[in-house]
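Undergrad: what shape does this take:
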Amino acid sequence: MPAEKDLADTADVFGLLADPGRLRLLLALLEGELCVCDLAVVSGLSESSASHALRLLRAHRVVAVRRAGRMAYYRLDDAHVRMLLDLAVAHTEHTTAIHPERGE
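TA: A predicted model of the protein is given here:
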């Protein structure tokens, strides 16, 4: 069994993924690096909300940021985050295919 701190950190990551707005941001980042303004558009969030969510995701090392002048470009922090998102989406698609009544 992992240490309590590791369990708490893992639970925090799952909690971050539990918010639909943050999840939309992360799924958009599967396509590659994007600035806050583009992330806001594709996620349907305001720039302020997107920025706040990205700050939270960055604090938990789920996303990383690259600055170019005044612009900030976000990306998934590492391959583990990508794998977690890919598996979650695949699980949902699999579950919906097996149990279509759950996709309603």
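
Undergrad: distance check, residue 16 against residue 38.
TA: 20 Å (Cβ to Cβ, to the nearest Å). C-betas here are computed from N, CA, C, even on glycine.

Undergrad: and the next helix or strand past the host helix or strand of residue 16?
TA: Using DSSP states H and E, residue 16 sits in helix 4-17. Going down the chain from helix 4-17, the next helix or strand is helix 20-29, by DSSP H and E.

Undergrad: and the helix or strand of the chain with the lowest mean pLDDT, what does it pack onto?
TA: Counting by mean pLDDT, DSSP states H and E, the chain has its least confident helix or strand at helix 79-98, which shows a mean of 88. On a contact count with 3 or more Cβ pairs under 8 Å, 6 or more residues apart in numbering; DSSP states H and E, helix 79-98 meets helix 4-17, helix 20-29.

Undergrad: highest average neighbour count across the ones you listed?
TA: helix 20-29 (a mean of 19; mean count of other Cβ atoms under 10 Å).

Undergrad: how close does the residue most central in space within the chain sit to residue 56?
TA: Residue closest to the mean C-alpha point of the chain, counted by Cα atoms, centre = their mean, is residue 26 at 2.8 Å. From residue 26 across to residue 56, the span is 12 Å (Cβ to Cβ).
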